[in-house]
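Asks: No letters, just coordinates:
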């Protein structure tokens with residue numbers, strides 16, 4: 001099977017037109033006509049991840065975050081991105097990223113987070129339908145809202161979040177003094193959806209990042225919980241694996257063992 005066939009399966013699930021205007025999802029580097037030898041799944045592309053792919057005999061690296069967000073004026077060894085591009089080209093590696101298109105896709109990143117929390121009746125907060133160039137109609141949206149099978153107090157909900165995402169530290173505002181049942185979710189830097197979550201009358205809002213001043217003024221209005229960017233998206237690799245396994249059942253697929261989260265806790 002060729003690399004381009006794996007990419008086609010990924011883009012069938014999360015079409016590139018679903019990505020935000022600022023994004024650069026899709027092929028980052030490499031030749032897609034090559035036969036795929038194996039796929040390494042990650043959230044971030046680093047030199048260590050690429051060397052891991054080489055050692056495993058994989059010529060395809062599938063990442064959530066694009067390596068190339070901005071144009072390169074040179075390819076030397078000055079920056080991490082330049083070094084990664086050189087290393088990939090030297091070793092015939094193909095790098096592909098599914099980012100905000102996967103965030104906005106049905107059953108994408110936010111749906112996976114909802115699954116981990118045990119939510120039911122999960123839907124887009126603000127659904128929309130896009131018509132692709134091939135005429136296919138796809139549902140998309142930023143953020144989802146779902147429901148716990150039974151309401152629970154705020155402390156129990158926050159403990160649920162910590163356990164589901166295996167985090168030691170969870171940022172939150174004052175404990176909500178009413179049961180939590182409806183939960184709005186946006187992985188990564190999702191604080192732009194806080195007001196949408198409030199408008200949807202969600203009891204809680206779970207995201208990966210929140211600007212300081214956005215915390216103010218919501219006491220007893222909504223329970224805010226912030227996981228950390230990496231932590232909120234850590235299960236994205238499960239989505240990649242499911243897609244690729246269906247397209248190529250015999251292909252060797254690996255999750256990176258490199259810890260790429262640049263934020264450390266003391």
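Replies: Yes, it's here. As the structure is a prediction and not an experimental result, all values here were calculated from the model.

Asks: Residue 53 versus residue 75, what's the distance?
Replies: 19 Å (Cβ to Cβ, to the nearest Å). (C-beta placed from N, C-alpha, C; glycine too.)

Asks: in the host helix or strand of residue 6, what's buried?
Replies: Element membership of residue 6, judged by DSSP states H and E, is helix 3-13. By neighbour count on 16 or more other Cβ atoms under 10 Å, the buried set for helix 3-13 is 3, 6, 7, 10, 11, 13.

Asks: so who does residue 36 touch?
Replies: By Cβ atoms under 8 Å, 6 or more residues apart in numbering, the contact set of residue 36 is 1, 2, 3, 5, 6, 59, 60, 248, 251.

Asks: hang on, the earlier thing: will you turn the buried residues of helix 3-13 into JSON lines that also has pLDDT?
Replies: Listed next are the buried residues of helix 3-13 as JSON lines, based on pLDDT from 0 to 100:
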{"residue": "3", "pLDDT": "98"}
{"residue": "6", "pLDDT": "98"}
{"residue": "7", "pLDDT": "98"}
{"residue": "10", "pLDDT": "98"}
{"residue": "11", "pLDDT": "98"}
{"residue": "13", "pLDDT": "98"}
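
Asks: quick revisit: give me the helices and strands touching the helix holding residue 6, please.
Replies: strand 60-63, strand 94-97, helix 236-247 (3 or more Cβ pairs under 8 Å, 6 or more residues apart in numbering; DSSP states H and E).

Asks: at 6 Å what do you get?
Replies: helix 236-247 (3 or more Cβ pairs under 6 Å, 6 or more residues apart in numbering; DSSP states H and E).

Asks: List the buried residues for the helix it packs on?
Replies: 236, 237, 239, 240, 241, 243, 244, 247.

Asks: so how far is residue 50 from the third one?
Replies: Okay, so that is residue 239. Computed with Cβ to Cβ, the distance linking residue 239 and residue 50 is 21 Å.

Asks: Looking at residue 75 and residue 53, which one has more neighbours?
Replies: residue 53 (29 against 13; other Cβ atoms under 10 Å).

Asks: Need the pLDDT of the closest residue to residue 65 other than its chain neighbours.
Replies: Counting by Cβ to Cβ, 6 or more residues apart in numbering, residue 65 lies nearest to residue 44, which is 5.1 Å off, once chain neighbours are set aside. On pLDDT, residue 44 comes in at 98.

Asks: Which elements pack onto the helix or strand residue 130 falls within?
Replies: Residue 130 is part of strand 128-131 when elements are defined by DSSP H and E. Secondary-structure packing of strand 128-131 (3+ Cβ pairs under 6 Å, 6+ apart): strand 137-140.

Asks: Report the rounded mean pLDDT for the strand it packs on.
Replies: On average, strand 137-140 scores 96.

Asks: tell me the domain ranges of the protein?
Replies: Per automatic domain parsing, the structural domains of the chain span 3-99, 106-231.

Asks: As JSON lines, these with distance to residue 263 would be great.
Replies: Shown next, in JSON lines, are the domains of the chain (distance: least, Cβ to Cβ, whole Å):
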{"stretch": "domain 3-99", "distance to residue 263": "12"}
{"stretch": "domain 106-231", "distance to residue 263": "7"}
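
Asks: Pull the contacting residues for the spatially closest residue to residue 157 that is not a sequence neighbour.
Replies: Of all residues not flanking residue 157 in the chain, residue 180 sits nearest, at 4.5 Å (Cβ to Cβ, 6+ apart). By Cβ atoms under 6 Å, 6 or more residues apart in numbering, the residues touching residue 180 are 154, 157, 203, 204, 223.

Asks: Just to be sure, the second one is in a strand?
Replies: No: with DSSP: H, G, I helix; E, B strand; the rest coil as the criterion, residue 157 is helix rather than part of a strand.

Asks: Tell me, how many residues neighbour it?
Replies: Neighbours of residue 157 (other Cβ under 10 Å): 25.

Asks: Alright, that wraps it up for me.
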